[in-house]
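Engineer: Kindly return the folded structure for what I paste below:
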Amino acid sequence: MTESVRLPAASLKPSTVALPGSKSISNRTLLLAALSDNVCEIRSLLKSDDTDRMLEALDKLGVNIEFLETGRLKVHGTGGAFPNREADLFLGNAGTAFRPLTAALAVLGGDYHLHGVPRMHERPIGDLVDALRIAGADIEYLGNEGYPPLRINAFTDKGVRTIPIKGNVSSQFLTALLMALPLTGEAFEIRVDGELISKPYIDITLKLMAQFGVNVGNENYRVFNIPAGARYHAPEVLHVEGDASSASYFLGAGLISGAPIRVTGIGLNSIQGDVAFACELEKIGADVVWGENFVEVSRPAGRAVSAFDLDANHIPDAAMTLAIVALASGKPCTLRNIGSWRVKETDRIAAMAAELRKLGAEVVEEPEAIHITPPTGLNADAVIDTYDDHRMAMCFSLVSLLGVPVIINDPKCTYKTFPTYFEVFASLTEAV
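Structural biologist: Modelled structure (predicted):
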């Protein structure tokens, strides 16, 4: 029987939430530190299923990691070459581990088997593999062509220094290439074929690589230049920012309820694109206050939540929260340019549409958009399926702030990025 949690209709108390570490930054930082030529102490690392899979993989690859206390560890870099040249790596459904590790191991060469849960084997990786093969990688598909699981063999430098990569499926493919090619020591030009989606996630990658001593040229997100002779050298101590995507649920709650909610761990100088979510909330009724290490959202009494029609390509993960905020507007709303939702932990456009309909909303799906018309009254005690997708569970928790109870199936799927989410959410609310 599926485990579930029932959230009663609730109001929000003025609150402050300390965010868990960013998943995107945590897994990138772990891999870059492992490939560096020195020791790096990482603080505020996210503890979640996805980071656990990366840590397990690095351990199997021979990386020495000292665990100091919760969220704090030391990674002893391997100087750009993992000690273990063969390994069987299970990576669950962690795209932020699977894609960059695929690229790094393919460029270094060896005998590696990479696999995950069934959904990971449905998430495309062919564009990344095609690019790596041009560079000289030997990668085999062990199941369906273009999808994991993979076998990685020896690397043979073909002398090609210009690598094309498609940009319209997942920015993680470009991130993986950017992080891996410096391991060759050669200069490379990466050319993006078509429109690059989710550019803010590439900004995270480039800023972290710069912190690890590798500065990549960026020509308007069309061409990226990796310098010759690059080596990763870690900062002595690196603090992981709070997760801006996870912040969206609390900031969205502040808009829906009106109560001031402050999240700490991100702020004015965050390197994560999803902090722009707060700017989108401001356009539709929120008051937003920014600090060096916090963002606070509230909504004055008497001010309504406005309808919106948004191109959400710049905030694909946080935009899921806006699908619930749409219900609070009472008017038709649209999220556009979200085709990447189709290849995430689940097909998020289809899943979001199905579950919103349970609440009584009218929803129209398009290949890269979703149109939501809220009902006059939400259905109480709707049973929301979460599709083993952490963001579906966290998004739909906000329904309880709209005057009706809601039942969330498989709440533990939040362990992927935020294991204590429902405990934290409950601490901010009181039943009405």
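Engineer: ok, residue 187 - contacts?
Structural biologist: Residues counted as contacts of residue 187 (CB atoms under 8 Å, 6 or more residues apart in numbering) are 161, 225, 226, 227, 228. For glycine as for every other residue, the C-beta is placed from the backbone atoms N, C-alpha and C.
Engineer: Residue 237 too?
Structural biologist: Residue 237 neighbours (CB under 8 Å, 6+ apart): 40, 41, 42, 43.
Engineer: Also residue 177?
Structural biologist: Shown in contact with residue 177 (CB under 8 Å, 6+ apart): 103, 128, 131, 132, 163, 165, 190.
Engineer: now the fifth one: how far from residue 408?
Structural biologist: What it means is residue 163. 43 Å (CB to CB, to the nearest Å).
Engineer: And these two? Which one has more around it.
Structural biologist: The neighbour comparison of residue 163 against residue 408 (other CB atoms under 10 Å) goes to residue 408, with 27 against 19.
Engineer: Give the bridge partners for the more buried one, please.
Structural biologist: As for beta bridges, residue 408 partners with residue 5, residue 384 under DSSP bridges.
Engineer: Hmm, residue 387 and it touching each other?
Structural biologist: No: under the criterion of CB atoms under 8 Å, residue 408 makes no contact with residue 387, lying 11.8 Å away.
Engineer: Filter the contacts of residue 187 down to the buried ones and hand me the PyMOL line.
Structural biologist: Here is the PyMOL command that picks out the buried ones among those, judged by 16 or more other CB atoms under 10 Å:
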select buried, resi 226
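Engineer: Give me the subset of the contacts of residue 187 that lies in strands.
Structural biologist: If you go by DSSP state E, the contacts of residue 187 have 225, 226 in strands.
Engineer: so residue 414, which of the three states?
Structural biologist: Following DSSP: H, G, I helix; E, B strand; the rest coil, we place residue 414 in the helix state.
Engineer: From residue 347, how far off is it?
Structural biologist: For residue 414 relative to residue 347 (CB to CB), the value is 19 Å.
Engineer: More neighbours: which of the two?
Structural biologist: In this view residue 414 and residue 347 are compared by other CB under 10 Å, and residue 414 has more residues nearby, 25 against 17.
Engineer: Tell me who's in contact with the more buried one.
Structural biologist: Applying CB under 8 Å, 6+ apart, we find residue 414 in contact with 390, 393, 394, 421, 422.
Engineer: Against residue 53, how distant is it?
Structural biologist: Applying CB to CB, the value for residue 414 to residue 53 is 16 Å.
Engineer: repeat for residue 24
Structural biologist: For residue 24, the distance to residue 53 - CB to CB - is 14 Å.
Engineer: Which one's more surrounded, these two?
Structural biologist: Just comparing residue 24 and residue 53: by other CB under 10 Å the higher neighbour count belongs to residue 24, 30 against 24.
Engineer: Following the one helix or strand the more buried one maps to in sequence, what is the next regular element?
Structural biologist: Using DSSP states H and E, residue 24 maps to helix 23-34. The helix or strand immediately downstream of helix 23-34 is strand 39-43, counting by DSSP H and E.
Engineer: Please name the spatially closest residue to residue 107 (chain neighbours excluded).
Structural biologist: Spatially, and ignoring its direct neighbours in sequence, residue 107 is nearest to residue 180 (4.5 Å; CB to CB, 6 or more residues apart in numbering).
Engineer: Report the contact partners of that neighbour.
Structural biologist: Contact analysis of residue 180 by CB under 8 Å, 6+ apart lists 100, 103, 104, 106, 107, 132.
Engineer: For the stretch 151-300 of the chain, which segments count as strands?
Structural biologist: Taking DSSP state E, counting those that start in this stretch as the criterion, the stretch 151-300 of the chain contains strands spanning 162-166, 188-193, 217-219, 223-226, 237-239, 261-264, 287-290, 294-298.
Engineer: what helices or strands is the fourth one leaning on?
Structural biologist: Packed against strand 223-226, as judged by 3 or more CB pairs under 8 Å, 6 or more residues apart in numbering; DSSP states H and E, are the following elements: helix 171-180, strand 188-193, strand 217-219.
Engineer: Just name the most buried of the ones you listed.
Structural biologist: Highest mean neighbour count among the helices and strands packed on strand 223-226 (mean count of other CB atoms under 10 Å): helix 171-180, with a mean of 26.
Engineer: tilt between that one and helix 23-34?
Structural biologist: Counting by axes from the mean of the first three to the mean of the last three CA atoms, to 10 degrees, helix 171-180 lies at 20 degrees to helix 23-34.
Engineer: Determine the angle, from 0 to 180 degrees, between helix 171-180 and strand 188-193.
Structural biologist: Compare the direction of helix 171-180 with that of strand 188-193 by the same axes, to 10 degrees and you get 170 degrees.
Engineer: Could you check how far helix 171-180 is from the centre of its chain?
Structural biologist: Mean-position distance between helix 171-180 and its chain equals 14 Å (CA atoms, centre = their mean, to the nearest Å).
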